[in-house]
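Undergrad: following is a predicted model, sequence given first.
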There are 2 protein chains.
Amino acid sequence: MTSFTHDTAPTRYAERGGIRFAYRRFGMPGRLPLVFFQHFMGTLDDHDPALSDAFAGDREVILFDNAGVASSSGTVPDTIEAMARDALSFIDALALGTIDMVGHSMGGLVAQEVALARPELVRRLVLVGTGPRGGEGLGARPAWVGELFTRKYERQEDMWLPILFAPTESSQAAGRAYVERITARTDRDTPVSDQSIAAQRAALAAYGAAKDPSYAHIKGLELPVLVVNGTDDIVIPTINSYILQQFLPNAELILYPDANHGSHFQYPALFARHARIFLDD
Amino acid sequence: MTSFTHDTAPTRYAERGGIRFAYRRFGMPGRLPLVFFQHFMGTLDDHDPALSDAFAGDREVILFDNAGVASSSGTVPDTIEAMARDALSFIDALALGTIDMVGHSMGGLVAQEVALARPELVRRLVLVGTGPRGGEGLGARPAWVGELFTRKYERQEDMWLPILFAPTESSQAAGRAYVERITARTDRDTPVSDQSIAAQRAALAAYGAAKDPSYAHIKGLELPVLVVNGTDDIVIPTINSYILQQFLPNAELILYPDANHGSHFQYPALFARHARIFLDD
């Protein structure tokens, strides 16, 4: 298993509760596995090889399609909480024991619900480009941002350039490097279905609509959390990362300059260093 | 010079423009020196040996009393901009060439003005527990916080426990360790005079009163900046650190949990790692 990398790890399948989950698992076994939770419309192929391989040097990395997403069977539910129950089914199917988690965007919301539902499962949590339940503008994207998710491109992965990276030369160059990395693998995951996208959109809207200025919901997340984002996140506004740090019981915040919703993809080496300091501490 | 540490470096003096500046300089020469800018009421002895010595392993560290402060001659001026001119006199007295800077609290304001006044002097800037000109609540501390600066203690350095550290067991324990570190040196700097304190207080109030919601003033700080603070800074509210990151052209933000105005003293090893990643990049 240790000889596989992000690009060579085979897609495998695990069954639980009638769902057949697609996943990739690679890296050095021994320490706690690091499980990545994927964003809106994302598949196994949208995770960044530069990040997975940076962590896989001394621990196992696990990427998965949640129920109904891409190569996994089942139906995407229309709440974040139900997505978390599906993710727990996957984790139970692999009998992982304690894990660390990285959740990006919608994956960060699901990861929070997983940690709330099963506190003893999760040791540490990294949240990138995400927010708390009822966060500001969460699931209520401006129309011009929503439209970015529906555009058609010759190479469809180019849709992530304006969504995940800032409109500057430096950030777009980092974005093109990211797209090269995620398109390098030849055996591709299945694209997400229209049903999946609609259900994910409904789940995001419902989660964002659950307003509570006291953010009491996340007070139960007592584990150490590292919150990361770019200066100006157009998908889940950056202020939500600040709110997470302020209202979580034990959170560190890192904001990177010149960056948008995919700051960890923009600075993979720096993010990996920061995340490893946090995770290895 | 390399054999000196924070605790053994002799206090030396440099003259410029009629002012005799007290300073300590130690560490490994070769790379750019790292100059520390001190907070309200602070002297040479309030810098943290754990931090200076963490940096002094591979670069020179310079600590100084600005004009009118403690062992330096002259009078403390009543504006931050004039303090920056005094600091530039000191830097010129040492003919330092290019430097990196760490500014804490009021020292962070002075450091910003130094970098604005002489951009070619400063390569990188670390700002801890500080804010922008006109920042929220800057120089307008609530009465209960102001009162913390006037209390008398058997060991006067204990005044920093409620000011720099959070009211939790873990943070106060880190605070006591900090006070042990800063009181270890036997030949002490002179305490700040009442005139110095009054002038510093007036300078902080004037700087905080210069409101501009567009924070255009800091747009001129084009160098890379690392902004650091604790979750709940009672002296210069933490939101100012977020504002700095949002309005500076090129800034990274790190906020630490369970921490107040002296987060770098609470987590000296972690702060040094983060700052070194930023400074060495």
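TA: Yes, it's here. Numbers count the residues shown, from 1 in each chain, chains lettered A, B, ... in the order given.
Undergrad: so what's the residue count around A:Pro29?
TA: Here the number of neighbours of A:Pro29 (other Cβ atoms under 10 Å in any protein chain shown) works out to 11. Heads up, the C-betas are built off the backbone N, CA and C, glycines and all.
Undergrad: nearest residue to it in space, ignoring adjacent ones along the chain?
TA: Ranked by Cβ to Cβ, 6 or more residues apart in numbering or on different chains and with sequence neighbours excluded, the top spatial neighbour of A:Pro29 is A:Glu60, at 5.4 Å.
Undergrad: the one you found and A:Ala9, how far apart?
TA: Distance check for A:Glu60 against A:Ala9: by Cβ to Cβ, to the nearest Å, it reads 10 Å.
Undergrad: chain B contacts on the stretch 151-281 of chain A?
TA: The interface of the stretch 151-281 of chain A toward chain B, taken as Cβ under 8 Å from any Cβ of the partner chain, is made up of A:224, A:231, A:238, A:242, A:245-246, A:248-258, A:270, A:273-274, A:277, A:281.
Undergrad: again, only using 6 Å
TA: The stretch 151-281 of chain A has residues A:242, A:245, A:250-257, A:273 near chain B, with proximity defined as Cβ under 6 Å from any Cβ of the partner chain.
Undergrad: so the residue nearest to A:Gly68 when sequence neighbours are not counted, which state does it fall into?
TA: Counting by Cβ to Cβ, 6+ apart, A:Gly68 lies nearest to A:Val76, which is 3.5 Å off, once chain neighbours are set aside. For A:Val76, the secondary-structure state derived from DSSP: H, G, I helix; E, B strand; the rest coil is coil.
Undergrad: for A:Val76, which residues are in contact?
TA: A:68, A:196, A:199-200 (Cβ atoms under 6 Å, 6 or more residues apart in numbering or on different chains).
Undergrad: for it, phi and psi?
TA: Per-residue torsions, A:Val76: phi -70, psi 130 (degrees, to the nearest 10).
Undergrad: and it, how far from A:Gln195?
TA: The value you get for A:Val76 to A:Gln195, if Cβ to Cβ is used, is 7 Å.
Undergrad: same question for A:Gly129.
TA: With distances defined as Cβ to Cβ, the gap from A:Gly129 to A:Gln195 amounts to 24 Å.
Undergrad: for these two, indicate the residue with more neighbours.
TA: Neighbours of A:Gly129 and A:Gln195, each counted by other Cβ under 10 Å, are more numerous for A:Gly129; the result is 29 against 11.
Undergrad: nearest residue to A:Thr79 in space, please, no chain neighbours.
TA: If you skip the residues right next to it in sequence, A:Thr79 has A:Ala203 as its closest partner in space, 5.2 Å away by Cβ to Cβ, 6+ apart.
Undergrad: and the one you found, what does it touch?
TA: A:78-80.
Undergrad: what are the phi and psi angles of it?
TA: With angles defined as degrees, to the nearest 10, A:Ala203 sits at phi -60, psi -40.
Undergrad: how near is it to A:Gly135?
TA: Here the distance between A:Ala203 and A:Gly135 works out to 14 Å (Cβ to Cβ).
Undergrad: quick check, pLDDT for the residue nearest in space to the middle of chain A.
TA: Among the residues of chain A, the one closest to the centroid is A:His104, at 2.7 Å (Cα atoms, centre = their mean). Per-residue confidence at A:His104 stands at 98 (pLDDT).
Undergrad: so it sits right up against A:Leu127, yeah?
TA: No - applying Cβ atoms under 6 Å, one finds A:His104 not in contact with A:Leu127, separated by 8.1 Å.
Undergrad: on that earlier part again, among the residues of the stretch 151-281 of chain A next to chain B, which pair sits farthest apart?
TA: The largest distance within those, taken as Cβ to Cβ, falls between A:Asn250 and A:Pro257 and amounts to 25.4 Å.
Undergrad: which of these two has more residues huddled nearby?
TA: When neighbours are counted by other Cβ under 10 Å, A:Pro257 comes out ahead of the other of A:Asn250 and A:Pro257, with 24 against 14.
Undergrad: okay, strands next: where are they in chain A?
TA: Secondary structure of chain A (DSSP state E): strands at A:12-16, A:19-27, A:34-37, A:60-64, A:99-104, A:122-128, A:225-230, A:251-256.
Undergrad: just the helices in the stretch 101-250 of chain A please.
TA: Assigned by DSSP state H, counting those that start in this stretch, the helices in the stretch 101-250 of chain A fall at A:106-117, A:143-148, A:160-164, A:169-182, A:194-209, A:239-247.
Undergrad: hang on, the earlier thing: out of the contacts of A:Ala203, which end up buried?
TA: Members of the contacts of A:Ala203 that pass the buried threshold by neighbour count (16 or more other Cβ atoms under 10 Å in any protein chain shown) are listed as A:78, A:80.
Undergrad: list just the nearest of the contacts of A:Ala203 to B:Val122.
TA: A:Ile80 (45.2 Å).
Undergrad: so which of the contacts of A:Val76 is the most crowded?
TA: In terms of neighbour count, A:Gln200 stands highest of the contacts of A:Val76 at 25 neighbours, by other Cβ under 10 Å.
Undergrad: mind listing what that residue touches?
TA: Each residue near A:Gln200 by Cβ under 6 Å, 6+ apart is listed here: A:40, A:76.
Undergrad: got it, and A:Met159?
TA: For A:Met159, the contacting residues are A:151, A:153, by Cβ under 6 Å, 6+ apart.
Undergrad: pLDDT score for it?
TA: Looking at A:Met159, its pLDDT stands at 98.
Undergrad: against A:Gly146, how distant is it?
TA: In terms of Cβ to Cβ, A:Met159 sits 12 Å off from A:Gly146.
Undergrad: tell me what the nearest residue to A:His274 once chain neighbours are set aside is bridged to.
TA: When the adjacent residues along the chain are set aside, A:His274 lies closest to A:Ile254, with 5.6 Å between them (Cβ to Cβ, 6+ apart). In this structure, A:Ile254 bridges to A:Val228, B:Ile254 when assessed by DSSP bridges.
Undergrad: now do the same contact list for A:Ile254.
TA: A:228, A:274, B:254.
Undergrad: let me know the closest of the residues you listed to A:Glu180.
TA: Of all the contacts of A:Ile254, A:Val228 has the smallest distance to A:Glu180: 22.4 Å, by Cβ to Cβ.
Undergrad: pLDDT wise, what is the closest one at?
TA: The score at A:Val228 is 98. That number is its pLDDT.
Undergrad: with the one 3 residues further on instead?
TA: For A:Thr231, the model assigns a pLDDT of 98.
Undergrad: quick one: residues contacting it.
TA: With contacts defined as Cβ under 6 Å, 6+ apart, A:Thr231 is in contact with A:257, A:259.
Undergrad: buried subset of the residues of the stretch 151-281 of chain A next to chain B?
TA: Of all those considered here, the ones buried according to neighbour count by 16+ other Cβ under 10 Å are A:242, A:245, A:251-257, A:273.
Undergrad: which of the residues in stretch A:270-278 are buried?
TA: Per 16+ other Cβ under 10 Å, stretch A:270-278 contains these buried residues: A:270-275, A:278.
Undergrad: which one of those residues sits closest to chain B?
TA: Nearest to chain B among these: A:Arg273, at 6.0 Å, using Cβ to the nearest Cβ.
Undergrad: for A:Tyr267, which non-adjacent residue is closest in space?
TA: For A:Tyr267, the spatially nearest residue (Cβ to Cβ, 6+ apart) is A:Tyr256, at 5.7 Å.
Undergrad: ditto for A:Leu244
TA: Counting by Cβ to Cβ, 6+ apart, A:Val227 is the residue found nearest to A:Leu244 once chain neighbours are left out, at 4.7 Å.
Undergrad: tally of neighbours for the one you found?
TA: Per other Cβ under 10 Å, the neighbour tally for A:Val227 reads 26.
Undergrad: okay then, goodbye and thanks.
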